[in-house]
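Participant: following is a predicted model, sequence given first.
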Amino acid sequence: MNDNQKMTIFLVDDDALFLKSLEIDFTHHSDFTVETFSTGESCIKKIHQNPTIVILDYYLDSIEKEAMNGMKTLDKIKKYDQKIPVIILSSQDKIEVAVDCMHHGASDYVVKSETSFLRLESIIDRIFKYQHIKKQLGWYMERM
């Protein structure tokens, strides 16, 4: 990514403290522009801005009990554009929840902890390396 181009990350979490913590961490990283949302609905309203990646809470119902949960939000993001990578964040440390998220098209699943930012940073790096390789391979295959 060149110096003039910043990646846009949508952070979606109803836990204001956790959301602010992630926003600060990502804002300090020079390659990211960060937009935060406390509900899935507010994220979906801005999805046309085509974020580079979405980091999405699994539950999303502590502020508004009728709010769209993370899985429904994930489904709507994927319906809009399958290529937008979505990482699910959750306090749920259950393999069946993680597997369900992957079946819905999540790129990865992270259990919330004090090391969440480091894990997210590593996952994002891996996603972009994969996309770069895929793009290079596509370029090569077109020329054959």
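Facilitator: Happy to help now that I have it.
Participant: where does this structure have low pLDDT?
Facilitator: Applying pLDDT under 70 to the chain flags residues 1-5, 30.
Participant: helices of that one, start to end?
Facilitator: Assigned by DSSP state H, the chain shows helices spanning 16-27, 40-45, 70-80, 95-103, 116-142.
Participant: tabulate those (JSON lines), appending mean neighbour count and distance to residue 52.
Facilitator: In short, each C-beta sits where N, CA and C put it, glycine included. Conversion of the helices of the chain to JSON lines gives the following (neighbours: other CB atoms under 10 Å; distance: least, CB to CB, whole Å):
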{"stretch": "helix 16-27", "mean neighbour count": "15", "distance to residue 52": "11"}
{"stretch": "helix 40-45", "mean neighbour count": "18", "distance to residue 52": "14"}
{"stretch": "helix 70-80", "mean neighbour count": "18", "distance to residue 52": "13"}
{"stretch": "helix 95-103", "mean neighbour count": "14", "distance to residue 52": "19"}
{"stretch": "helix 116-142", "mean neighbour count": "13", "distance to residue 52": "8"}
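Participant: could I get these as JSON lines with distance to residue 8?
Facilitator: JSON lines is the format used below for the helices of the chain (distance: least, CB to CB, whole Å):
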{"stretch": "helix 16-27", "distance to residue 8": "10"}
{"stretch": "helix 40-45", "distance to residue 8": "12"}
{"stretch": "helix 70-80", "distance to residue 8": "14"}
{"stretch": "helix 95-103", "distance to residue 8": "22"}
{"stretch": "helix 116-142", "distance to residue 8": "12"}
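Participant: between those, which one is closest to residue 87.
Facilitator: Nearest of those to residue 87, taken as CB to CB: helix 116-142 at 5.9 Å.
Participant: from the contact counts, what lies against the closest one?
Facilitator: If contacts are counted by 3 or more CB pairs under 8 Å, 6 or more residues apart in numbering; DSSP states H and E, helix 116-142 sits against helix 16-27, strand 53-57, strand 86-90, strand 108-111.
Participant: re earlier: which of the helices of the chain sits closest to residue 109?
Facilitator: helix 95-103 (4.0 Å).
Participant: same for the closest one, what does it pack against?
Facilitator: Here helix 95-103 touches helix 70-80, strand 86-90, strand 108-111, going by 3+ CB pairs under 8 Å, 6+ apart.
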